[in-house]
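S.K.: Dropping the sequence and predicted coords here.
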Amino acid sequence: MTHKILKSFIFGTIFISFAGTLSAKEVNLYSYRQPFLINQFLNQFTKQTGIKVNVVYAKKGMLERIKAEGRNTPADAVLTVDISRLSALANADLLQPVSSPILHKNIPPQFRHPDGLWFGLTLRARVVYAHKNRVQDDEIMTYSDLTKPRFKGKICTRSGKHAYNLSLLAAFVDEKGEKAAEDWVRGLKSNLARRPKGNDRAQVKAIKEGLCDVSLGNTYYLGKMETNDKSPEQKEWANSVRLLFPKLGGRGTHVNISGAAMTKYAKNKLNAKKLLEFLSSSVAQKMYAEQNFEYPVKPGVAWSARVKSWGTFLPSDVNLATIAKHRLKATKIMDIVNFDG
Ligand code: FE
C-alpha cells in the first residue's frame, strides 16, 4: 500500500490493535463519514451489544486501501456516501452479500443491493435551490424545467463530473434514455450563469450574491448552512433560498444514499452484520439522519423538525443499483457536451 493512501487515513483507534485480533467483541469499520457524524450512534451500539467499534476514518482512498490489503484487510465493514462509491466497491469484488431479514424489513428494496452487497442507511435528495423571491414554486416542477429559456444565464452548479451530478444524470438516462439525457445536459449548460465550479454550498452563495437564481444541490447542505456557527455568513446564503423538489419524468425526486456494506474478507462477520442491522434500526436511523440533516431510509422513522421544514416530496423508487449501471454513459455525456468547459 502506498504512503499516500496511508496518509489519507486518520486513525480512530490505534490501527495496530486490529492486527490478528479475532475477538468476538469488536468490529472494524472503515468510514468515509466523519467521526462527529457517527460516534453517537456507534457508542449506542456498543452499549447495547458490548461490541466495540474500531473506526478508521477515510477521507479518500478507501477502495484502493481495501484492495491493497486483500485478504488481510482489517476492515469488516465500510460506511460511505453515494451509490457510485458503494457500487465501485461492489464492482471491484471487495464486498460480500449479507442476508438478513432485519435489513430486508427495515430498508426498502430500492435502497439496497438486490443481492445484499450494500445497504442504504440515509437518504439525500438532489434538488433545486431557488431564490426565495426571484423564482416561483411552479416554475420548476421537473428537472427538465431547468432547460427553459426563462432560466438562461440563471443556473449555477458544481462540476458535471462530480459523483452527485453523475448519479442524477445516470437516473435521467435510466428514465428517459441516452439521447434525451444528452439534450437535457446541453440545455442545462446553455442556461448556466458561469462555468461549473465550487461545491454545492458555493452555488447558494452565488444565488445570494445575485449571480444566479437557481442551483443544483443536495438537501443536507441547507441544514449545514442554516446551523453554521463557524461561518455565520452561510446562514445568510441559506436564508436567501428555499428548496424545490423536481420530479424526474414520471418518477419522484432523485435521491441518493449513504450506506454500509460488509467486506469480502471480513473477520468479524457476525459483529459486522449486527452493526448493519443496528444501523437500520429506528433508534440509530433517527440519530444518524438527524446528525447530517438527511432522511432516514427506514419508513416510519420521523424526519427532524428542520428537515421537515424544507417541505415534503416523493422520492424516486427506482433501484439505485439500476441507476449505477448508467454511470459510464453519464460520464460520456458530460464529456461529449463538454459540460464544464
Ligand atoms: Fe456531500
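M.R.: Arrived safely.

S.K.: Sketch out the low-pLDDT regions of this protein for me.
M.R.: Residues of the chain meeting the criterion pLDDT under 70: 1-24.

S.K.: and it, what are its domains?
M.R.: For the chain, automatic domain parsing gives the domain ranges 4-123+256-302, 124-253+314-337.

S.K.: hang on, isn't Phe151 packed against Ser215?
M.R.: No: Phe151 lies out of contact with Ser215 (CB atoms under 8 Å); the separation is 11.0 Å. (Each C-beta comes from the backbone N, C-alpha and C, glycine too.)

S.K.: These two - which one has more neighbours?
M.R.: Set Phe151 next to Ser215 and count neighbours by other CB atoms under 10 Å: Ser215 wins out with 28 against 22.

S.K.: Next, give phi and psi for the more buried one.
M.R.: Torsion angles at Ser215 (phi, psi; degrees, to the nearest 10) stand at phi -150, psi 160.

S.K.: Phe119 reaches Ala260, doesn't it?
M.R.: Yes: counting by CB under 8 Å, Phe119 does reach Ala260; the two are 5.7 Å apart.

S.K.: Now do the shared contacts for the two.
M.R.: Shared contacts of Phe119 and Ala260, defined by CB atoms under 8 Å, 6 or more residues apart in numbering, are found at Leu276, Leu279.

S.K.: could the domains of the chain go into CSV alongside distance to Lys308?
M.R.: Shown next, in CSV, are the domains of the chain (distance: least, CB to CB, whole Å):
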stretch, distance to Lys308
domain 4-123+256-302, 8
domain 124-253+314-337, 11
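
S.K.: Show me the residue at the heart of the protein, geometrically.
M.R.: Taking CA atoms, centre = their mean, the centroid of the chain lies closest to Asp82, which sits 3.6 Å from it.

S.K.: Against Leu29, how distant is that one?
M.R.: Counting by CB to CB, to the nearest Å, the separation of Asp82 from Leu29 is 18 Å.

S.K.: got it, and Asn106?
M.R.: Per CB to CB, Asn106 is found 19 Å from Leu29.

S.K.: try Met225
M.R.: From Met225 to Leu29 the distance is 29 Å (CB to CB).

S.K.: can you check Thr142 too?
M.R.: Taking CB to CB, one finds Thr142 at 39 Å from Leu29.

S.K.: These two: which has the busier surroundings?
M.R.: With neighbours defined as other CB under 10 Å, Thr142 and Leu29 compare such that Leu29 has more, 25 against 14.

S.K.: May I have the residues that are in contact with that one?
M.R.: Counting by CB under 8 Å, 6+ apart, the residues that Leu29 touches are Leu42, Val53, Asn54, Val55, Val56, Ala75, Asp76, Ala77, Val78, Leu79, Leu275.

S.K.: Which members of these occur in strands, if any?
M.R.: Mapping the contacts of Leu29 onto strands (DSSP state E) picks out Val53, Asn54, Val55, Val56, Ala77, Val78, Leu79.

S.K.: How many neighbouring residues does the fifth one have?
M.R.: Per other CB under 10 Å, the neighbour tally for Ala77 reads 25.

S.K.: Leaving aside the residues adjacent along the chain, what's closest to it?
M.R.: Once flanking residues are discounted, Ala77 sits nearest to Ala272: 4.3 Å by CB to CB, 6 or more residues apart in numbering.

S.K.: check which helix or strand covers that neighbour.
M.R.: For Ala272, the host element (DSSP states H and E) is helix 269-279.
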